[in-house]
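1. Pasting a predicted model and its sequence here:
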2 protein chains.
Amino acid sequence: MKSKICDMLGIEFPLFAFSHCRDVVAAVSRAGGFGVLGATAFNPEQLEVELQWIDAHVDGKPYGVDVLIPEHLGVANESGLTSRKLKERIGPEYKAFVDKLLTEHGIDPGDSNVADRPPSDAPPPFWPEEAMKLLEVSFRHPIKLIVNALGKPPPEMIAMGRKYGVPVGALAGAKEHAVRLADAGCDVIVAQGGEAGGHCGEVSTLVLIPEVVRALKGRDIPVLAAGGIMTGSQMMACMAMGAAGAWTGSVWLATNESETSQVFREKMVEARSRDTVRAKTRTGKYSRQLKSGWTEAWNAPGAPEALPMPLMSLISEPAIRRIEKSAEGGNAAARPLVTYFVGQGVGLVEGVKSARQVVQEFKEEFADALGTVGEMMEE
Amino acid sequence: MKSKICDMLGIEFPLFAFSHCRDVVAAVSRAGGFGVLGATAFNPEQLEVELQWIDAHVDGKPYGVDVLIPEHLGVANESGLTSRKLKERIGPEYKAFVDKLLTEHGIDPGDSNVADRPPSDAPPPFWPEEAMKLLEVSFRHPIKLIVNALGKPPPEMIAMGRKYGVPVGALAGAKEHAVRLADAGCDVIVAQGGEAGGHCGEVSTLVLIPEVVRALKGRDIPVLAAGGIMTGSQMMACMAMGAAGAWTGSVWLATNESETSQVFREKMVEARSRDTVRAKTRTGKYSRQLKSGWTEAWNAPGAPEALPMPLMSLISEPAIRRIEKSAEGGNAAARPLVTYFVGQGVGLVEGVKSARQVVQEFKEEFADALGTVGEMMEE
């Protein structure tokens, strides 16, 4: 396929797969797409292991890395701050709320609002200094794209991209943000609609893509479309509006290779597109997740307010891991609480497949959509 | 263009223009699209006048009518109920809230929570008996499509469509609703994403279209895409996903012919796509509107709760007309309160044009998008 981004990255089919799972990243790149590893789930040592594995399994195909370096945190960037120190700033009502919720569902709450991963002596989640270490690890590998998931990449990240000859991308949820990212030196913009899983804005993909394409006209910066894209026909639709390709996330959660639990994958297959919610109560910033007993409890009257990033993750992540573990262990009462980041496209998930199969289907649906367009034009 | 809906309705370009303004309806149909008059803004006598005007100005081209017959109202359908009687059920805190808001902005609140249009002795807004009269008027004219804007058309409406040989359509904001409408006998489904202006659901257009197309596969029911569509490239994108055409609304509000005020049109040109809000405080059901001092006041802590349909309109409509009139009269303090139903696509509005010009641009952008797709495929 002829596309600027295909030339830029040496790929055949401009389908970008964001995943925390190395297997998905390698499988998608091998199948002609472009896998992007979400690095923020790892510490630098773990990331090194993951990238070595990808290098050994990607058959020389290009892949990328995504880091999450928030522009704004709710906690000043004090040097030496640890998760343990930070959690001491969280009011007791949060632990009480989580303990009650878990206990009611037959789950041992343990020390559920203590950050047990990363360990308590590790830096807080989404910590800028830690993110810079992830970048250093990433650039030691033959990555072809580095992306910041949340806001403007810091100047150091742009400079590292230039130094290593790696294009720098960033996600934008509004036209004004996309322009700001382009002005900051980003080489690729991922315009992500509000139907996306994970951190997202409010503007829908169908509106955002033409807005961003129009705003960046003449600037030679490819725009990838993100948010709700689960099929090749949606990818084709976005490219008809001027996107250079599709950036996808949720669709890979329903693959065999995915890091998600069996319970969550079952819930994905059952879920309708209306079964997601955009809320601050997972990370402290708005993110879209599967609606569950967990999200409903935090949205109910009397629930504690969301804390800012990164405090909120110190509460939510350990608890959600306990919920998942309990559900996987056969506790039926835990199942209704299971949730994860997922977009509205979850309503289009009909079963669990291999990552390779998903790429293949995208290609077929993309070709079918081309056929649909062709037929339309016949007189 | 080859499209099932073009054959069904005898049109050239499957661009559907929902408007309360007869000039827009006639201009779009004359230009090769399909104008649809929103009838619920009129009483039966007024509607007769509007349709006679359209018949005299549409050059024999096909057009349609849209009525709003809610499946569920917050008030039982008592015979003989009037707006006056109904408003007596509204607590005094609503009038006090509106009076204060208007007064603070230099607007005479008058009897602002009294329904002065329709007159107090008229049936309440969105009243089913009244809607049936609008249908009777509509079927006396050569309409080619009749659509229900909110939920399942009543069996009488389906029966009237069959009797007069006019296809019956309805809007759906979720896949499950679309299937229910098809099962009820609808001939055309308008799948409308949550980015749409006016009453809307939560699922984005990009997700909803492939969901509904998939769910209705093999049923020979054309699906029109709605929600956020302001350009021919978005229309093309939706059709690549299997839609038979595009149903549009907001884009016509920024035309010279539109019923909107000059102040509102200026605000549309200024607005970003994030400047809309989906709230119950205009009609009692979720609808998307331009964010303004009015919508913010109702969303602020301490504001009264939204009342169910049709009570809410008895409060909001007279007040909003006073706001608009005051702003149009030169009261700068009234301007920030001005609002109207509009979708996220408002961010794509760059100026006010004629309806004919908008159709022409849709056609050109549609052709350009085809060109984009063609180039993609060149090796």
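-> All right, it came through fine.

2. any low-confidence regions in the stretch 1-150 of chain A?
-> A:111-119 (pLDDT under 70).

3. what about 90?
-> A:1-4, A:41, A:70-89, A:109-129, A:150 (pLDDT under 90).

4. Grab the nearest non-local neighbour of A:Leu216.
-> A:Ala182 (5.8 Å; Cβ to Cβ, 6 or more residues apart in numbering or on different chains). In this view, the C-beta of every residue, glycine as well, is placed from N, C-alpha and C.

5. swap in A:Phe366?
-> The shortest distance from A:Phe366 to any non-neighbouring residue, by Cβ to Cβ, 6+ apart, is to A:Gly232 (3.5 Å).

6. pretty sure the one you found is touching A:Val359, no?
-> No: using Cβ atoms under 8 Å, A:Gly232 makes no contact with A:Val359, being 9.5 Å away.

7. all strands of chain A, in order?
-> Under the criterion DSSP state E, chain A contains strands at A:15-19, A:34-38, A:63-67, A:145-148, A:168-172, A:188-192, A:198-199, A:223-226, A:245-248, A:276-279, A:287-290.

8. want to try CSV for the ones you listed, with distance to B:Ile320 as columns?
-> Formatted as CSV, those follow (distance: least, Cβ to Cβ, whole Å):
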stretch, distance to B:Ile320
strand A:15-19, 43
strand A:34-38, 46
strand A:63-67, 45
strand A:145-148, 42
strand A:168-172, 34
strand A:188-192, 34
strand A:198-199, 35
strand A:223-226, 36
strand A:245-248, 40
strand A:276-279, 28
strand A:287-290, 32
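
9. Including mean neighbour count and distance to A:Glu296, could those go into a markdown table?
-> Compiled in a markdown table, those are given as follows (neighbours: other Cβ atoms under 10 Å in any protein chain shown; distance: least, Cβ to Cβ, whole Å):
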| stretch | mean neighbour count | distance to A:Glu296 |
| --- | --- | --- |
| strand A:15-19 | 27 | 27 |
| strand A:34-38 | 27 | 26 |
| strand A:63-67 | 26 | 29 |
| strand A:145-148 | 26 | 31 |
| strand A:168-172 | 27 | 27 |
| strand A:188-192 | 30 | 25 |
| strand A:198-199 | 24 | 19 |
| strand A:223-226 | 30 | 27 |
| strand A:245-248 | 30 | 27 |
| strand A:276-279 | 21 | 8 |
| strand A:287-290 | 23 | 11 |
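
10. if I look at the residue of the stretch 51-200 of chain A found nearest chain B, how far off is A:Glu129?
-> Closest residue of the stretch 51-200 of chain A to chain B, Cβ to the nearest Cβ: A:Glu195 (4.0 Å). Shown here: A:Glu195 relative to A:Glu129, a distance of 33 Å by Cβ to Cβ, to the nearest Å.

11. Regarding chain A, what is its longest helix?
-> Longest helix in chain A, counting residues (DSSP state H): helix A:355-377.

12. mean confidence for it?
-> Helix A:355-377 comes out with an average pLDDT of 93.

13. Show me which residues of the stretch 1-150 of chain A are close to chain B?
-> Within the stretch 1-150 of chain A, the residues that sit near chain B (Cβ under 8 Å from any Cβ of the partner chain) are A:1-3.

14. Distance across stretch A:168-183, terminal residue to terminal residue?
-> For stretch A:168-183, the first-to-last residue distance is 13 Å (Cα to Cα, to the nearest Å).

15. hmm, back to that, between the strands of chain A, which one is closest to B:Ala96.
-> Closest to B:Ala96 of these, according to Cβ to Cβ: strand A:276-279, at 33.1 Å.
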